[in-house]
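S.K.: give me the fold of what follows.
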Amino acid sequence: MMMPIISKIYCLSSEKVLVVRRRPHVVNGGGFVVTDYGSQRVVFRVDGCGVLGTKGELMLRDGDGDPLLLLRRKGGMVEALSIHKKWKGYSLEYEGLQNLVFTLKEANNYCLAKNSEIRISTHPRTISNKGWDFEISGYFPDKSCSIVDSIGNVVAQVGMKKEVEQVMESKDLYHVVVNPGMDQAFVIGIIAILDYIYGESTTC
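M.R.: Next up is the predicted model:
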């Protein structure tokens, strides 16, 4: 089943393996680059807040550098009083119009425990009647987690390939397996937010 959230052009009929590589630490909060595991071609880029100059804001671009998705954290007093922290993902239209395509909620705790609940709702709501459509299973900083839909199906997995582990002991290089039909741009947008939440390559 095809599940376009950003665009159907990022939904393939076969499994896709992508490699995420942090940008060099020259720019604080510089972001990361995503390549095709087979061809090494750049598929996506994520600009962190060090590139954009705004905290709590990220930009997902395609391989040519064109903007696909603006990721913005909701801040201020409302967030401080809320039990959840919220991120919103907006698709960018040709005329610069922003359309809300998903909301990610994380529990507003400061320890970010391994069982911290992170759930995503798509807009418009069409997939689930649970109040959310996807959740994160596992722990992103360990590079061992999955994006799971509301009925428990894994739609994408983050991990470390054995050959990658042998070359690099750090978590600067890891892979993402996107299941058939799942929107790759949406998956990388979620990973960009997780990267920021856990203080990795996109955070200033």
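S.K.: only C-alpha atoms for contact and neighbour calcs from this point on.
M.R.: OK.
S.K.: which parts of this structure are helices?
M.R.: For the chain, the helices defined by DSSP state H occupy 49-52, 77-81, 162-167, 184-197.
S.K.: from the chain's centroid, how far away is the longest one?
M.R.: How far helix 184-197 lies from its chain's middle: 1 Å, per C-alpha atoms, centre = their mean, to the nearest Å.
S.K.: same question for the shortest one.
M.R.: What separates the centre of helix 49-52 from the centre of its chain is 16 Å, taken as C-alpha atoms, centre = their mean.
S.K.: what comes into contact with it?
M.R.: 27-31, 55-59, 202-204 (C-alpha atoms under 8 Å, 6 or more residues apart in numbering).
S.K.: show me the shaky parts of this structure.
M.R.: Applying pLDDT under 70 to the chain flags the ranges 24-27, 76-84, 94-96, 108-116, 125-129, 161-171.
S.K.: recalculate using a threshold of 80.
M.R.: Along the chain, segments meeting pLDDT under 80 span 1, 23-28, 75-84, 93-97, 107-116, 124-131, 161-172.
S.K.: going along the chain, name the strands of it.
M.R.: 16-22, 31-36, 42-47, 57-62, 67-73, 84-92, 98-107, 118-122, 134-139, 144-149, 154-159, 173-178 (DSSP state E).
S.K.: any idea of the angle the last one forms with helix 184-197?
M.R.: Our comparison of strand 173-178 with helix 184-197, counting by axes from the mean of the first three to the mean of the last three C-alpha atoms, to 10 degrees, yields an angle of 140 degrees.
S.K.: the fourth one now?
M.R.: Here the directions of strand 57-62 and helix 184-197 differ by 150 degrees (the same axes, to 10 degrees).
S.K.: name the residues of strand 57-62 that are buried.
M.R.: By neighbour count on 16 or more other C-alpha atoms under 10 Å, the buried set for strand 57-62 is 57-62.
S.K.: can you give me how far that strand is from the chain middle?
M.R.: The chain centroid and the centroid of strand 57-62 are separated by 10 Å under C-alpha atoms, centre = their mean.
S.K.: got the angle for it vs strand 67-73?
M.R.: 160 degrees.
S.K.: try the last one
M.R.: For the pair strand 173-178 and strand 67-73, the angle between their directions (the same axes, to 10 degrees) equals 100 degrees.
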